[in-house]
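# structure of the sequence below:
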Amino acid sequence: MRFLIVFLSLLIWLPTCKISQAKATNISKTNTLVSVATFKKTNEMDYEIRTASGTLLTNTMDLKFLKTNTLSVLDRSNRVVYLLQDFKDIEIGSSGTATILAENIGTNFYITNPNSFANYVNDQYVSTGKFTNVNGSYVYYDDGSNSTYYLDGIRNFADWGAKTTTKLPFSASNTYWTRVADKNTYHIIKDGKSIDYTNLTTEQSGDDMLVKENGAVRYVLPAYYTTASYVYKPVEIYKGSETSTVDTDTASGCVRGNCENGWGKLQYENGYYDGFWENGKKNGYGLYKWNGVGKYIGNWRNDQMNGYGIYIADNEDNIAGMYQNGELNGVGYTVTGNKWEQGLFNKGTLTTPYTYSSNNVESGCTAGDCDDKYGKFVWTNGDTFIGFFKGGKMHLGTYNFSNGDKYSGTFNAENQFHGFGRYFFEGGGYYGGEWVNGMYEGKGYYHDKDYKKQVGIWKDGSLVKSLE
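I've put the predicted structure just below:
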């Protein structure tokens, strides 16, 4: 594991590689749900699920109701999505049918019904994002990870549905195109939204399509006339004219904002950093993406990963916790395939492992050790916390509110958000950065549900100096 952490600091210099995508079998495409399990409601938001053979599922995760009374649940061990029919309505102690919605679901997936949908990345609910509906599928931009996903067929279900999503190839400008051959039309989508087609015209150049704005070539859609419909590819921004925009997919250097003292995006040969800078070095909240390898989202100091953060590999492995000079140093956890390890790390090596198992209680400390190690605490109002404790208080981890909001980061001795963390609002807002006693304070990035941004220095929850 230490080798993996040290390896991250060298990835800027490595060539890109391609990661294959997992696929899920969708059981509910024809709206025929398979009933092979039962559930028992043990509390307002707690339950037991047993398979047809009587096996109790122990590694489950609540998904979303999606404006219904039916709870969706993921069995993380077997990658099965269940629906607990009418869960909100039945009394505590009652049993019901658990129908299988999807099997072999990937860690990037969506659930949907006619009322709403929810998108998950690395089994984490993405509460922020913009999307465009193209022929019943969504092109979905996740601002938190600066990545774009293809949610195939999400609006083609008559009832509930679930399916693995596809992460689109890297584009530094987050701009993609697709062809609709039978209608002889095209779509260009940037940051999850269709571009403005006003004043755009097209011209054929061999198998390529040239997209012009006010007569000047702006985009090249390579092999457009030989590409199948609804295949999404990164655009090529035309560089053959002095009036054209910079090709940020291939350019190097600071391609947006202030990469000296402020907020900016710097493109490297095979990756990029988007975040806060100080004296030309990464300092504060930011995201570094290594093409074809993975990304780190969290705190930086003096050009190094320092403080709370999470590294997410393209193969879905995770390394989260307290970093020092690019390595886990302090409390943290790692996910390698299906193997989870948590505890104290020293220079990237797990030196003191913490166990995590059920305590067979419905509220309070339901799993692990909630005094000075790693555990899960459940409140009667439906709030939960999973992570590290210190002196019986929350120290570092993820707090999920019953209303759908979520905070991942560090806490002070008064159980307040403090230090560094990321807050995801159920309604679509997001804040990432520094906190003091439960308030935004220090360097931070915020956007509301409409993606109106506020980036800079915060004090007592208010932006006092913009650095965007």
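
# give me the low-pLDDT residue ranges for the stretch 201-350 of the chain?
238-252 (pLDDT under 70).

# all the helices of it, residue numbers only.
Read by DSSP state H, counting those that start in this stretch, the stretch 201-350 of the chain holds no helices at all.

# got any ranges where the stretch 1-150 of the chain has weak pLDDT?
Short version for the stretch 1-150 of the chain, where the test is pLDDT under 70: 1-35.

# tell me which stretches of it form strands.
Using DSSP state E, counting those that start in this stretch, the strands of the stretch 1-150 of the chain run over 25-26, 34-41, 47-51, 60-62, 71-75, 80-84, 95-103, 109-113, 116-121, 124-126, 130-134, 137-142, 147-151.

# elements contacting the next helix or strand after the last one?
To tie it back to what came earlier, the one meant is strand 147-151. The helix or strand immediately downstream of strand 147-151 is strand 161-164, counting by DSSP states H and E. Counting contacts by 3 or more Cβ pairs under 8 Å, 6 or more residues apart in numbering; DSSP states H and E, strand 161-164 packs against strand 25-26, strand 95-103, strand 109-113. Just so you know, the C-beta spots here come from the backbone N, C-alpha and C atoms, and that holds for glycine as well.

# of these, which approaches Asn412 most closely?
strand 109-113 (34.9 Å; Cβ to Cβ).

# what bridges to the residue nearest the centre of the chain?
Taking Cα atoms, centre = their mean, the centroid of the chain lies closest to Val121, which sits 4.2 Å from it. Beta-bridge partners recorded for Val121 (DSSP bridges): Gln124.

# isn't it up against Tyr141?
No. In this structure, Val121 is not within contact of Tyr141 by Cβ atoms under 8 Å, at 11.5 Å.

# overlap in contacts of these two?
Listed as contacting both Val121 and Tyr141 by Cβ atoms under 8 Å, 6 or more residues apart in numbering are Ser147, Tyr149.

# want to try CSV for the strands of the stretch 1-150 of the chain, with distance to Ser171 as columns?
Below are the strands of the stretch 1-150 of the chain laid out as CSV (distance: least, Cβ to Cβ, whole Å):
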stretch, distance to Ser171
strand 25-26, 27
strand 34-41, 38
strand 47-51, 40
strand 60-62, 30
strand 71-75, 29
strand 80-84, 30
strand 95-103, 28
strand 109-113, 21
strand 116-121, 17
strand 124-126, 18
strand 130-134, 15
strand 137-142, 10
strand 147-151, 7
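
# and these: which comes nearest Ile386?
Here strand 60-62 is closest among the strands of the stretch 1-150 of the chain (Cβ to Cβ), at 10.3 Å.

# in its sheet, which strands sit next to that closest one, and in what direction?
Strand 60-62 pairs in its sheet with strand 71-75 (antiparallel), by DSSP bridges.

# quick one: the partner strand to strand 95-103, angle?
60 degrees (axes from the mean of the first three to the mean of the last three Cα atoms, to 10 degrees).

# return the distance of strand 71-75 from the chain's centre.
Remark: strand 71-75 is offset 18 Å from the chain centroid, using Cα atoms, centre = their mean, to the nearest Å.

# who touches it?
With Cβ under 8 Å, 6+ apart as the criterion, strand 71-75 contacts 47, 49, 57, 59-66, 80-84, 87-88, 98, 101, 105, 111, 123, 160, 162.

# Ala313 against Tyr296, yeah?
No. Shown here, Ala313 and Tyr296 do not form a contact pair, counting by Cβ under 8 Å, at 10.1 Å.

# of those two, who's got more company?
Legend: neighbour count by other Cβ atoms under 10 Å for Ala313 and Tyr296, higher for Tyr296 (23 against 18).

# ok, the more buried one - contacts?
The contact partners of Tyr296, taken as Cβ under 8 Å, 6+ apart, are Leu8, Leu287, Tyr288, Met305, Gly309, Ile310, Tyr311, Ile312.

# circling back to that earlier point, where's the residue nearest to the centre of the chain relative to Asn291, distance?
18 Å (Cβ to Cβ, to the nearest Å).

# how about Asp143?
19 Å.

# next: Thr38.
46 Å.

# the two: who's more crowded?
Using other Cβ under 10 Å as the criterion, Thr38 and Asn291 rank with Asn291 on top: 21 against 16.

# wait, isn't the more buried one in contact with Phe170?
Yes. Counting by Cβ under 8 Å, Phe170 is a contact partner of Asn291 at 5.2 Å.
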